[in-house]
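Novice: Give me coordinates for this.
(one chain, ligands or ions: 1)
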Amino acid sequence: MSDSTTVHDIVVVGAGYAGIYTTIHAAQAGLDVIGLEAGADIGGTWYWNRFPGARCDVESIDYSYSFDKDLQRQWRWSERYATQPEILRYLSHVADRHDVRRHYRFSQRVSQARWDEDAQVWTVRTEQGLETSARWLVMASGCLSTPILPDLPGRESFAGDVYQTAAWPHEHPDFTGKRVAVIGSGASAVQSVPIFAESAAEVVVYQRTANYSVPAFNRPLTDEDWRAAQEDYDHRRELSWNGLAGSPWTSHPVPYDEVPEEEREAIFEEAWLRGGVLFAKAFQGLTARQEINDAAREFFERKLAEIVEDPQTLADLTPHGYAIGTKRICTDSGYYRSFNLPHVSLVNLRRDPIVEVGPSGIRTESGLREFDVIVYATGFDAMTGALTHIDIHGRDGILLRDAWAEGAVNYLGIGVPGFPNLLTLNSAGSPSVLSNMALTSEQQGDYALRLIAHCAAQGFTSAEVRADAAQAWIEHGAEVASGSLFSKTDSWYSGANIAGKARGFLPYIGGFRPYIDRVDRIADEGYTGFVLSTRTAVPA
Ligand code: NAP
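Specialist: Now for the predicted structure:
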């Protein structure tokens, strides 16, 4: 099956924040754009991650597009942190408003893309058999969109119901009276466990590594909140676009060393009450200097001890061995409190590892526990998985998966040597997951479209990243990361959650605005680091 147009200008893969934005703006620029999306509708990560309790950990008024001022005024968020259904409704509204669905083919999972050097064209195929071609391939396929399941002995033998938070069914299963095991203790488990606990007869969380979680302090947005947000929106956006993480929040203005010790507690408390990931912004340098981090961790531990009643559970829930904030802090609504309920408990896999999964339940070294349901909240092949799981063949047939076997080689997070006209949005080497993805998606989409427009205007048919430029960008990214405590922590940011995956700090940690300034300068200077060229027609 081939779509009717011979060669489109752009094929965009993915209909999440970045894909929708890019497709809308490509069409507005008069380009012929086709979108391919594995889901049956728009939404990207918010299409798949429908698990109970799923909500964004960036405030809703920030986690929304900034390009359409009327949209910004007219779409009224109901809560400080939006739920997954509300975000999906929002994206659906954006899609209707800008008539973006007509460009997409849904339920089409891309399995292969191949660059034809002679024709200067990408040909893309889907698992469902669609084939389409375009001059530019824009991968907006997400950072956390390739879920993984743990390699547990006997996993397939479980006779009860099995769910995965990242591929949750559209019809929520009813856990009333059920015995539920949750494997994993990252953000997805932290958000869903309190909801499971509301109806299940028993909830057992199997935790390998304790995570830091800070309450969201979520609340409905009142009319007064909304009026104030509207009045302040331009200013808020300006701060976000000029900040380090795409949000208006900044750290306490006075450096830690200059704040008297007796006043630091109040500053931590204020940051705590902001909620969730914002706690890591209590002081400048909290994730760079061990001394500040230790103070934050001790504050966290005191808070945790106020919530969790059982001493052993408290000890097991207390994170060890890595700095607070160097894995994304989870944003919860009642996670730790759940463990005070008589039917919710924790298995610390460091003390009591899983031996096997069997038909009736999970056996750890201490014995078998029987369940009706197992929920896997076990994470993603982050940042690179959505690209390396597709057979992307560049110049001379090289496979992206092979080119990245020793680590992602990406210039600015946008382009890969050997893969002309492939533009990867929010990829390794860009701020993406360390920033507000709504705004990074706009920036990345604009950057891709600006390069495409530049090539069209100058008559270039291909843009390819130079290997030395990519190498220099990777070295710069690694150098910036080495100045932070992030680089000392094993996490999905560095590929450590996947056995055999090359290690290296994947997102660009130098900050959103510094990143924009750098990449814009590169564009202003005529795209240094890219080879822009014109392929003259090859004789038949
Ligand atoms: P995650 O943070 O990678 O957590 C996966 C969990 O599964 C970890 O606790 C991990 O333990 C555990 N695990 C993996 N393999 C295991 C095994 N073989 N045995 C036992 N445990 C195993 O994944 P996630 O919770 O889906 O979150 C990923 C990211 O998505 C977050 O960091 C966040 O950026 C985003 N997210 C955000 C929200 C939100 O608040 N808006 C919600 C969900 C997700 P180890 O740590 O020991 O590997």
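Novice: Please list all residues in contact with Gln112.
Specialist: Applying C-beta atoms under 8 Å, 6 or more residues apart in numbering to Gln112 gives the contacts 124-125, 390-393. (C-beta placed from N, C-alpha, C; glycine too.)
Novice: Distance-wise, check it relative to Gly19.
Specialist: 19 Å (C-beta to C-beta, to the nearest Å).
Novice: Repeat that for Ser60.
Specialist: Distance from Ser60 to Gly19, by C-beta to C-beta: 20 Å.
Novice: quick one on the thing from earlier: let's see which of the contacts of Gln112 end up in strands.
Specialist: 124-125, 391-393 (DSSP state E).
Novice: in stretch 41-50, what's buried?
Specialist: Buried positions in stretch 41-50, judged by neighbour count with 16 or more other C-beta atoms under 10 Å: 42-50.
Novice: Let's have those residues in TSV, adding pLDDT and distance to the ligand.
Specialist: As requested, those are exported to TSV (pLDDT from 0 to 100; distance: C-beta to the nearest ligand atom, whole Å):
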residue	pLDDT	distance to the ligand
Ile42	98	18
Gly43	98	14
Gly44	98	13
Thr45	97	8
Trp46	98	10
Tyr47	98	14
Trp48	98	11
Asn49	98	6
Arg50	97	12
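Novice: so can I have a markdown table of those residues showing secondary structure and distance to Asn348?
Specialist: As requested, those are exported to a markdown table (DSSP: H, G, I helix; E, B strand; the rest coil; distance: C-beta to C-beta, whole Å):
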| residue | secondary structure | distance to Asn348 |
| --- | --- | --- |
| Ile42 | coil | 40 |
| Gly43 | coil | 35 |
| Gly44 | coil | 34 |
| Thr45 | helix | 29 |
| Trp46 | helix | 32 |
| Tyr47 | helix | 34 |
| Trp48 | helix | 29 |
| Asn49 | coil | 26 |
| Arg50 | coil | 29 |
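Novice: Between these, which sits nearest Ala315?
Specialist: Relative to Ala315, the closest of these is Asn49; by C-beta to C-beta it sits at 30.6 Å.
Novice: Break this structure down into its structural domains.
Specialist: Following automatic domain parsing, the chain resolves into domains at 2-42+100-146+382-533, 147-379.
Novice: With respect to burial, which of those domains scores highest?
Specialist: domain 2-42+100-146+382-533 (a mean of 20; mean count of other C-beta atoms under 10 Å).
Novice: Which single residue of the stretch 251-400 of the chain ends up nearest the ligand?
Specialist: Using C-beta to the nearest ligand atom, the closest approach of the stretch 251-400 of the chain to the ligand is made by Gly379 at 2.6 Å.
Novice: on that earlier part again, will you turn the contacts of Gln112 into TSV that also has distance to the ligand and pLDDT?
Specialist: Converted to TSV, the contacts of Gln112 look like this (distance: C-beta to the nearest ligand atom, whole Å; pLDDT from 0 to 100):
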residue	distance to the ligand	pLDDT
Val124	27	98
Arg125	29	98
Ile390	21	98
Asp391	25	98
Ile392	24	98
His393	30	98
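Novice: Quick check: which ranges of the chain have low pLDDT?
Specialist: 4-5, 536-540 (pLDDT under 70).
Novice: Any residues of it in contact with the ligand? List them.
Specialist: 56-57, 144, 150, 183-189, 191, 206, 208-209, 328, 331, 349, 377-380, 433, 492, 497 (C-beta under 6 Å from any ligand atom).
Novice: if we go to 5 Å?
Specialist: 56-57, 144, 150, 184-188, 208-209, 328, 331, 378-379, 492, 497 (C-beta under 5 Å from any ligand atom).
Novice: taking those one by one, which sit in helices?
Specialist: Secondary structure from DSSP state H places 187-188 of the residues of the chain next to the ligand in helices.
Novice: In strands, which of the residues of the chain next to the ligand appear?
Specialist: Those of those mapping onto strands are Thr331, per DSSP E.
Novice: where along the stretch 351-500 of the chain do the strands fall?
Specialist: Taking DSSP state E, counting those that start in this stretch, the strands of the stretch 351-500 of the chain run over residues 354-357, 361-364, 367-370, 373-376, 391-393, 422-424, 462-465.
Novice: Report the backbone C-alpha coordinates of the first one in PDB.
Specialist: Listed next in PDB are the C-alpha coordinates belonging to strand 354-357 (Å, rounded to 0.1, in the frame of the first residue of the first chain):
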ATOM      1  CA  ILE A 354      12.500 -11.900  42.800                       C
ATOM      2  CA  VAL A 355      13.300 -15.500  42.000                       C
ATOM      3  CA  GLU A 356      10.500 -16.000  39.500                       C
ATOM      4  CA  VAL A 357       7.000 -15.200  38.300                       C
END
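Novice: Can you spell out which helices and strands pack onto it?
Specialist: Counting by 3 or more C-beta pairs under 8 Å, 6 or more residues apart in numbering; DSSP states H and E, the packing neighbours recorded for strand 354-357 are strand 361-364.
Novice: Show me the strands paired with the strand it packs on, marking each as parallel or antiparallel.
Specialist: Looking at strand 361-364 with DSSP bridges, its partner strands are strand 354-357 (antiparallel), strand 367-370 (antiparallel).
Novice: Include distance to Arg80 when you put the domains of the chain into CSV, please.
Specialist: Output for those, formatted as CSV (distance: least, C-beta to C-beta, whole Å):
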stretch, distance to Arg80
domain 2-42+100-146+382-533, 15
domain 147-379, 5
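Novice: With Lys69 as the reference, name the closest of those.
Specialist: Closest to Lys69 of these, according to C-beta to C-beta: domain 147-379, at 8.4 Å.
Novice: What are the boundaries of the helices in the stretch 351-500 of the chain?
Specialist: For the stretch 351-500 of the chain, the helices defined by DSSP state H, counting those that start in this stretch occupy 385-388, 400-403, 437-458, 467-482.
Novice: Point out the other helices and strands that the longest one packs with.
Specialist: Based on contacts counted as 3+ C-beta pairs under 8 Å, 6+ apart, the elements that helix 437-458 packs against are helix 17-28, strand 131-139, strand 422-424, strand 462-465, helix 512-524, strand 530-533.
Novice: what's the angle from it to helix 512-524?
Specialist: For helix 437-458 against helix 512-524, the angle by axes from the mean of the first three to the mean of the last three C-alpha atoms, to 10 degrees is 10 degrees.
Novice: who touches Met495 in this structure?
Specialist: Heads up, residue 495 is Gly, not Met. Neighbours of Gly495 in contact, by C-beta under 8 Å, 6+ apart: 382-384, 501-504, 506.
Novice: ditto for Thr384
Specialist: For Thr384, the contact set (C-beta under 8 Å, 6+ apart) comprises 404, 408, 427-428, 495, 501, 506.
Novice: Make JSON lines from those and add distance to Arg101 to it.
Specialist: Output for the contacts of Thr384, formatted as JSON lines (distance: C-beta to C-beta, whole Å):
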{"residue": "Trp404", "distance to Arg101": "32"}
{"residue": "Ala408", "distance to Arg101": "31"}
{"residue": "Ser427", "distance to Arg101": "25"}
{"residue": "Ala428", "distance to Arg101": "29"}
{"residue": "Gly495", "distance to Arg101": "35"}
{"residue": "Lys501", "distance to Arg101": "35"}
{"residue": "Leu506", "distance to Arg101": "31"}
